[in-house]
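Novice: here is my input; please provide its structure:
(one chain, ligands or ions: 1)
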Amino acid sequence: MYLERTLKAPIHCTGTGLHSNAKVSLALLPAPSGTGVLFRRTDLAPNAEILAIRDNVVDSRLCTTIGNGKRNGGGFTISTIEHLMAAFAGCGVENVIVELDGAEVPIMDGSAAPFVFLIECAGIVEQNAPRRAIRVLKKISVGNQERWASIAPSDYFSLRCEIAFDHDFIGAQSFEYDGRESVFADELSRARTFCLEADVEKMRAAGLALGGSLDNAVVIGEDGLLNEEGLRYDTEFARHKALDCIGDLSLAGAPLLARVESYCAGHAMNHELLGALLDDSDAWCWVDMNTLNPNRLNAAPQVHHAAAAASA
Ligand SMILES: [Zn+2]
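Specialist: This next block holds a predicted model:
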């Protein structure tokens, strides 16, 4: 059976916001089936909650920000949710409450690996509700020749991200992901945020990336990498773009049965693609994953992490 999943136990950590440089306390809590990923600001009044769905995305220029003020003005926001969202999607956790005492998810080491570690430590349990997915019914494309993204029908989720930077150290690279949880943890989760040294000062002048450092980002200078420890993967940059894309597309609210391809896309284009898909009612439908042919699904239904935690 494919069942909805949540955390076995609460878990928490502290960290720093990449853009705000504020200290933030983060707690991940189990949630009932049907919850989705619900963010809660504990530093604000009770019920300061926002569901992590595409309709609540209010900014996607440098990171993905959700807010409750899109329609009524005012309200509050939570920024830089993408790496945490990618960790939930990559680990197959759909129901969770995320408590934060600030406006930004801590950046940790700039990747999703610390969040995957937290999820694995908390453990994962199956719930008494069949897992649903979104089946993509027709191909949707956005963008232009310079940058584009597309989503097309498939029996399981897979993704190819390609980038082409006008910088010798990054250049052109791509990464192909087949949707398996083990591949996410091993091949994608540790890929870090990256930026050019030349852009760091511009961001700082604009009051952004104030918490950025070589501990939470790969920074590329004119002569190469500033991080002494080097890269974690040969194609770390393309892998990080894939990680961002997985996190952004998870705001669909359910796993996507789709083939995603992108070229030089960022958060804004990921959300544009998701919006173009979800706004077209002929382009997708809900499916109970248990009605699908398991031989054609590339995701095993077993709860690997909970089993590992129980035997540890
Ligand atoms: Zn990122």
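Novice: okay, now the unreliable bits of the protein?
Specialist: Per-residue confidence for the chain (pLDDT under 70) gives these ranges: 70-74, 296-312.
Novice: around the ion, which positions in it sit nearby?
Specialist: 193, 244 (CB under 5 Å from the ion). Just so you know, the C-beta spots here come from the backbone N, C-alpha and C atoms, and that holds for glycine as well.
Novice: what residues does the spatially most central residue of the chain make contact with?
Specialist: In the chain, the residue lying closest to the centroid (CA atoms, centre = their mean) is residue 247, at 1.7 Å. Counting by CB atoms under 8 Å, 6 or more residues apart in numbering, residue 247 touches 64, 81, 82, 83, 84, 85, 86, 87, 89, 112.
Novice: now residue 259. Nearest residue, chain neighbours left out?
Specialist: residue 154 (4.1 Å; CB to CB, 6 or more residues apart in numbering).
Novice: tell me where the stretch 101-250 of the chain has strands.
Specialist: Assigned by DSSP state E, counting those that start in this stretch, the stretch 101-250 of the chain shows strands spanning 124-130, 132-136, 140-143, 148-153, 158-164, 172-177, 194-196, 218-221, 224-225.
Novice: dump those strands to JSON lines, plus mean neighbour count and distance to residue 265.
Specialist: Listed next are the strands of the stretch 101-250 of the chain as JSON lines, based on neighbours: other CB atoms under 10 Å; distance: least, CB to CB, whole Å:
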{"stretch": "strand 124-130", "mean neighbour count": "16", "distance to residue 265": "30"}
{"stretch": "strand 132-136", "mean neighbour count": "21", "distance to residue 265": "17"}
{"stretch": "strand 140-143", "mean neighbour count": "17", "distance to residue 265": "7"}
{"stretch": "strand 148-153", "mean neighbour count": "19", "distance to residue 265": "4"}
{"stretch": "strand 158-164", "mean neighbour count": "20", "distance to residue 265": "8"}
{"stretch": "strand 172-177", "mean neighbour count": "17", "distance to residue 265": "12"}
{"stretch": "strand 194-196", "mean neighbour count": "17", "distance to residue 265": "15"}
{"stretch": "strand 218-221", "mean neighbour count": "19", "distance to residue 265": "19"}
{"stretch": "strand 224-225", "mean neighbour count": "14", "distance to residue 265": "23"}
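Novice: grab the nearest non-local neighbour of the closest residue to the ion within the chain.
Specialist: Taking CB to the ion as the measure, the chain has residue 244 as its residue closest to the ion, at 4.2 Å. Closest residue in space to residue 244, ignoring its immediate chain neighbours: residue 82 at 5.3 Å, by CB to CB, 6+ apart.
Novice: phi and psi next, for that neighbour.
Specialist: Torsion angles at residue 82 (phi, psi; degrees, to the nearest 10) stand at phi -70, psi -40.
Novice: and it, what is it in contact with?
Specialist: Under the criterion of CB under 8 Å, 6+ apart, the neighbours of residue 82 are 63, 64, 243, 244, 247, 248, 267.
Novice: out of those residues, which is most surrounded?
Specialist: Counting neighbours by other CB atoms under 10 Å, residue 243 leads those with 32 neighbours.
Novice: on the strand side of things, show who residue 258 bridges to.
Specialist: Beta-bridge pairing for residue 258 (DSSP bridges): residue 153.
Novice: can you redo the contacts of residue 82 as TSV with distance to residue 193?
Specialist: TSV is the format used below for the contacts of residue 82 (distance: CB to CB, whole Å):
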residue	distance to residue 193
63	9
64	13
243	9
244	9
247	12
248	14
267	12
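Novice: closest one to residue 212 out of those residues, please.
Specialist: residue 63 (11.6 Å; CB to CB).
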